[in-house]
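K.L.:
Sequence plus predicted model, see below.
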2 protein chains.
Amino acid sequence: MTERRSAPARRRAGIPDATVARLPLYLRSLHALADDGVRTVSSEELARLAGGSAGSPAKVRKDLSHLGTSGTRGVGYDVAQLIDSISAELGLARRWPVVLVGVGNLGHALAGYGGFASRGFPIAALFDADPDRLGELVGGVRVRPMTELPDVVRAQGGAIGVIATPAEAAQEVCDQLVAAGVRSVLNFAPTALAVPDGVDVRKVDLAVELQILSFHEHRKSARVEVPA
Amino acid sequence: MTERRSAPARRRAGIPDATVARLPLYLRSLHALADDGVRTVSSEELARLAGGSAGSPAKVRKDLSHLGTSGTRGVGYDVAQLIDSISAELGLARRWPVVLVGVGNLGHALAGYGGFASRGFPIAALFDADPDRLGELVGGVRVRPMTELPDVVRAQGGAIGVIATPAEAAQEVCDQLVAAGVRSVLNFAPTALAVPDGVDVRKVDLAVELQILSFHEHRKSARVEVPA
DNA sequence: GAGTGTGAACGTCTTCACAGCA
DNA sequence: TGCTGTGAAGACGTTCACACTC
């Protein structure tokens, strides 16, 4: 989950982390339903659509009850209304600009990937340490030198930072982002990042995901050989 | 976590899912230590290096105790030995070939990203539905038509499937992977996948990660305005 | 009848605290 | 003395089951 530093315990107003992690999944399914013209949905149906870890009706109901309940007994949830309240809770009324650092292989793909902008996270700027890349246009956005980072963050009134640099550069880049005023970071570099209190880091490590799958594959193979 | 279907409860031989998810993080830090010539490490140091959710000494010790303990009291853990036993537990002795479906923006980047092969997950084949892409070389690997998928999986003796297609195509592609014998899937498409029992799916959804960060940003802003 | 909302039971994960060993 | 290994306690998250409402 969100990496939290020292802090003895978090006591937010209310919503559990596990629930927060599932709200985007519900939202995704709800948008699909709305596009199909569906007006209401039951917790059972929503659980099925959201799938995976979000896949039980009871869990859906508990989760949604945290947003000041909105369902109708005997009927289900109003799709449009649910979309509104989840969006509000996630702070999606506002668009959050993204600054992406590291325009290598992965950074390039992320910048070109339309899924960010279309979901309310427009890429405001690209940065790279390599002088050869400066000025290059990626997905219609110019690559800038790191020195311009503070100005961009200030001009945007805050931003989410995305780190797509090699592991060696990640901590340094992270420090610069934080110094520039960024308080939320998504880290693709395979390294743990140290950040001061009040800054949130989430990480995506592709190799780690594969290794977890490997564990399960391994287990499955083993089970065939030694059938308990 | 790993998406599990119906099943009332999983009872594996032993290691908790939460621990499995952290083992790759320890492994990463241990490799870095080994490269620096460090021979032993304490649970406290390892917790610091692995960072994030893996960041408490007690947790590290509990986690490592599941691998049939290997530390020395008063000293710490032998780095090389720990690398071996974690690797063994994760099934990394064997190399797991990866078949990647969808050579669009993201798929292209994943195929070009060296981090897979270097960590024991060589890309065995690329597939795409678009006839214009067939034959194209990406990262030295040829793009093939989906019809060749079963043969490739069989020839490799199993594989991990990576889905990097648009959301609309993902379920269909997933079905084809499963039919071809793939039992572990990493899904980048923003959709829930239905799979039969015995198949594991892990998902990475970039927009979801950003939305979770958005929630925390939102909360931080709110806290400034209404200082409790 | 159908489906939500929720206390209470349950299971899992984390943290504590300390005994035990090099 | 220093650090591991681990039962026991505690926090957190999920599931159950049923009262309640439309």
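P.N.:
That came in fine, so what should we check first?
K.L.:
just how off-centre is stretch A:200-218 within its chain?
P.N.:
16 Å (C-alpha atoms, centre = their mean, to the nearest Å).
K.L.:
That stretch and chain B, any residue contact?
P.N.:
Yes. Among the residues of stretch A:200-218, A:200-218 lie within reach of chain B under C-beta under 8 Å from any C-beta of the partner chain. Where you see a C-beta, it was placed from the backbone N, CA and C, and this is true even at glycine.
K.L.:
Filter the residues you listed down to the ones in helices?
P.N.:
A:206-218 (DSSP state H).
K.L.:
For chain A, just list every one of the strands.
P.N.:
A:40-41, A:71-72, A:76-78, A:98-101, A:123-127, A:137-138, A:141-144, A:160-163, A:184-187, A:200-203 (DSSP state E).
K.L.:
To what extent is the nearest residue to A:Lys62 once chain neighbours are set aside buried, counted in neighbours?
P.N.:
Among residues not flanking A:Lys62 along the chain, A:Thr19 sits closest, at 7.6 Å (C-beta to C-beta, 6 or more residues apart in numbering or on different chains). A:Thr19 has 19 neighbours, counted by other C-beta atoms under 10 Å in any protein chain shown.
K.L.:
Show me what the worst-scoring helix or strand of chain A on mean pLDDT is packed against.
P.N.:
Ranked by mean pLDDT, DSSP states H and E, the weakest helix or strand in chain A is helix A:115-118, scoring a mean of 84. Where contact means 3 or more C-beta pairs under 8 Å, 6 or more residues apart in numbering or on different chains; DSSP states H and E, helix A:115-118 is packed against helix B:206-225.
K.L.:
Check whether the helix it packs on comes near DNA strand D.
P.N.:
No. Applying C-beta under 7 Å from any atom of the strand, one finds helix B:206-225 separated from DNA strand D by no less than 12.9 Å.
K.L.:
List the buried residues of that helix.
P.N.:
Neighbour-count burial for helix B:206-225, counted by 16 or more other C-beta atoms under 10 Å in any protein chain shown, picks out B:206-220.
K.L.:
can you list contacts of that helix?
P.N.:
Helix B:206-225 has contacts (C-beta atoms under 8 Å, 6 or more residues apart in numbering or on different chains) with A:2, A:12, A:20-21, A:23-25, A:27-28, A:89-92, A:94, A:96, A:98, A:110, A:113, A:115-116, A:119-121, A:158, A:160, A:183-186, A:198, A:200, A:202, A:204, B:188, B:190.
K.L.:
how about 7 Å then?
P.N.:
A:2, A:12, A:20-21, A:24-25, A:90-92, A:96, A:115-116, A:119, A:121, A:160, A:183-184, A:186, A:200, A:202, A:204, B:190 (C-beta atoms under 7 Å, 6 or more residues apart in numbering or on different chains).
K.L.:
For stretch A:85-100, list every residue counted as buried.
P.N.:
Buried, per 16+ other C-beta under 10 Å, within stretch A:85-100: A:85-87, A:89-92, A:96-100.
K.L.:
With distance to A:Thr40 and pLDDT as new columns, can those be given to me in JSON lines?
P.N.:
What follows is the buried residues of stretch A:85-100, written out as JSON lines (distance: C-beta to C-beta, whole Å; pLDDT from 0 to 100):
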{"residue": "A:Ser85", "distance to A:Thr40": "15", "pLDDT": "97"}
{"residue": "A:Ile86", "distance to A:Thr40": "15", "pLDDT": "97"}
{"residue": "A:Ser87", "distance to A:Thr40": "18", "pLDDT": "97"}
{"residue": "A:Glu89", "distance to A:Thr40": "20", "pLDDT": "96"}
{"residue": "A:Leu90", "distance to A:Thr40": "21", "pLDDT": "97"}
{"residue": "A:Gly91", "distance to A:Thr40": "25", "pLDDT": "96"}
{"residue": "A:Leu92", "distance to A:Thr40": "22", "pLDDT": "96"}
{"residue": "A:Trp96", "distance to A:Thr40": "30", "pLDDT": "95"}
{"residue": "A:Pro97", "distance to A:Thr40": "35", "pLDDT": "96"}
{"residue": "A:Val98", "distance to A:Thr40": "34", "pLDDT": "97"}
{"residue": "A:Val99", "distance to A:Thr40": "39", "pLDDT": "98"}
{"residue": "A:Leu100", "distance to A:Thr40": "39", "pLDDT": "98"}
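K.L.:
Many thanks, we can stop here.
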